[in-house]
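Participant: Everything below, folded, please.
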Amino acid sequence: MPGILYVVATPIGNLEDVTLRALRVLREVAVIAAEDTRRTARLLQHYSISTPTTSLHEHNEQARLPALLRRLEGGESVALVSDAGTPTVSDPGTGLVAAAHKAGIRVEPIPGPSAAIAAVSAAGLRADEILFVGFPPSRSLHRKAWLKRLSLERRLIVCYEAPHRIEAFLRDALEILGDRRAAVGRELTKVHETLVVRPFSAHLMELSLPKGEFTLVIAPAEEVQQAQELPHQDLLRLEFGQLANTSRSRREAIKELASRYNRPAREVYQLLERDRDE
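Facilitator: Okay, here's the model as predicted:
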C-alpha cells in the first residue's frame, strides 16, 4: 500500500503557530522534503523531532522526484514543507504534488499558517472576494504591465514582495492603481512585526530601511470605471504581446486592451499600428 504525501503548513515566524497535527505528522513520516533543510531544522529542534530531511527546492525538484515517488510507492509517507507557511503557495513543491496525484498516491493537506490570510484577517478591508497574485514581476516594465491588468480588479488583491523591491513596487502601484489604501505587513508573527493600513503615498513617505518579507493587501478598484490614459507605447506593446501570446487573436487582444483602459478599440488599434510603422 502506498504511503501518503502530506503537504504541511509550518510557522511563518512564531514557532508557536504550528498545529498539533502538523507536529504529529512531522514525527511520524519517513522523511521531510524541505525547501531549506537548515531552516526546517530550527523547527524540528525546537520540538525535539528527529525525522530525517531532504532538500526539495525550485532548482532540484525535478531531480528529486523519482526517489521521493519510489519511497511513497514503497509504502513510506513523506511530509512536504516550505521555508515558512503553506507549501506550493508561491513556494516550491507543486511538481511533487502533481506527480503524486498522477501516480495515484494520496495527497493530504495539513493546513496552518499563511502570510496572505494572516494579513487579510488583520487588514480591516472587505474580503468577500480575494485575488491572491503571488510575487509581482521584478522588472519595472513588466511590473507595470502586471499592475495594469489588475487596475480594474473588483476583488481584494493580495501579493508578496521582497524588501529590496518594496519601494519600487509601491511607486509603480501608486502610478498605475492610484493612491489606494493598502495594508502592508512586514515580518508577520515575528518580533518586529508591523502591519499598517494607509494609502500608497503614505507608505512611501514612511518607508525606511525595509527588511523582511512583505505581504500587501490592496483595496479593490472603485465601482465606477473611467477612461484611463493609455500607457507609453512600449508598455502598451508589451501588454498586447502578452495577451496575443495566450492564444488570443490580434482582434481579441485589442478588445481586451480597450476594455482594460475603457477606451475605443479603434484608438488602441491605431496607436499599435502607428507604433509598428515607426
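
Participant: Which residue ranges make up the domains of this structure?
Facilitator: 4-113, 116-218, 233-277 (automatic domain parsing).

Participant: so how far is the first one off the chain centroid?
Facilitator: So the one you mean is domain 4-113. 19 Å (C-alpha atoms, centre = their mean, to the nearest Å).

Participant: So which bits of stretch 173-187 are buried?
Facilitator: Buried residues in stretch 173-187, counting neighbours by 16 or more other C-beta atoms under 10 Å, are found at A173, L174, I176, L177, R180, R181, A182, A183, V184, G185, R186, E187. (Each C-beta comes from the backbone N, C-alpha and C, glycine too.)

Participant: Would you mind pulling the contact partners of that stretch?
Facilitator: 13, 115, 118-119, 122-125, 144, 147-148, 150-151, 166, 192-201, 203-204, 210-219, 221 (C-beta atoms under 8 Å, 6 or more residues apart in numbering).

Participant: Could you tell me which of those residues belong to helices?
Facilitator: Among these, the members falling in helices (DSSP state H) are 115, 118-119, 122-123, 144, 147-148, 150, 166, 200-201, 203-204.

Participant: Quick check on the residues you listed: which are buried?
Facilitator: Buried among the ones in helices among the contacts of stretch 173-187 by 16+ other C-beta under 10 Å: A115, A118, A119, A123, K144, L147, K148, L150, I166, F200, H203.

Participant: correct me, but the fourth one touches L216?
Facilitator: No - using C-beta atoms under 8 Å, A123 is not in contact with L216, being 9.5 Å away.

Participant: Model confidence for Q226, exactly?
Facilitator: Here the pLDDT value assigned to Q226 is 51.

Participant: that older thread, would you format the ones in helices among the contacts of stretch 173-187 as CSV with distance to N245 and pLDDT included?
Facilitator: CSV is the format used below for the ones in helices among the contacts of stretch 173-187 (distance: C-beta to C-beta, whole Å; pLDDT from 0 to 100):
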residue, distance to N245, pLDDT
A115, 31, 95
A118, 35, 96
A119, 32, 97
A122, 38, 96
A123, 34, 96
K144, 18, 95
L147, 19, 96
K148, 16, 94
L150, 19, 95
I166, 29, 96
F200, 30, 94
S201, 34, 93
H203, 33, 94
L204, 33, 93
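
Participant: which one among those residues gets closest to L243?
Facilitator: K148 (11.1 Å; C-beta to C-beta).

Participant: Now do that closest one against R274, distance only.
Facilitator: 20 Å (C-beta to C-beta, to the nearest Å).

Participant: Now the residue nearest the centre of the chain: closest residue in space, sequence neighbours ignored.
Facilitator: The centroid of the chain falls nearest to G134 when counting by C-alpha atoms, centre = their mean (1.7 Å). Distances taken as C-beta to C-beta, 6 or more residues apart in numbering place S90 nearest to G134, at 4.4 Å, with adjacent residues excluded.

Participant: Quickly find the element holding that neighbour.
Facilitator: Per DSSP states H and E: S90 is located in neither a helix nor a strand.

Participant: about what we covered before: which two in the buried residues of stretch 173-187 are spaced the farthest apart?
Facilitator: That would be I176 and E187, which, of the buried residues of stretch 173-187, are the farthest apart (C-beta to C-beta) at 26.5 Å.

Participant: Please enumerate the strands of the chain.
Facilitator: Using DSSP state E, the strands of the chain run over 4-8, 31-34, 53-55, 78-81, 106-110, 130-132, 156-161, 181-186, 194-199, 214-218.

Participant: I'd like to know which of those is closest to R24.
Facilitator: strand 106-110 (9.2 Å).

Participant: What strands flank the closest one, and is each parallel or antiparallel?
Facilitator: strand 4-8 (parallel) (DSSP bridges).

Participant: Now flag whichever of the buried ones among the ones in helices among the contacts of stretch 173-187 is closest to S259.
Facilitator: Among these, and counting by C-beta to C-beta, the member closest to S259 is K148, at 12.0 Å.

Participant: quick one: the closest one and P231 touch, right?
Facilitator: Yes - the pair K148 / P231 is scored as a contact, 6.7 Å apart, by C-beta under 8 Å.
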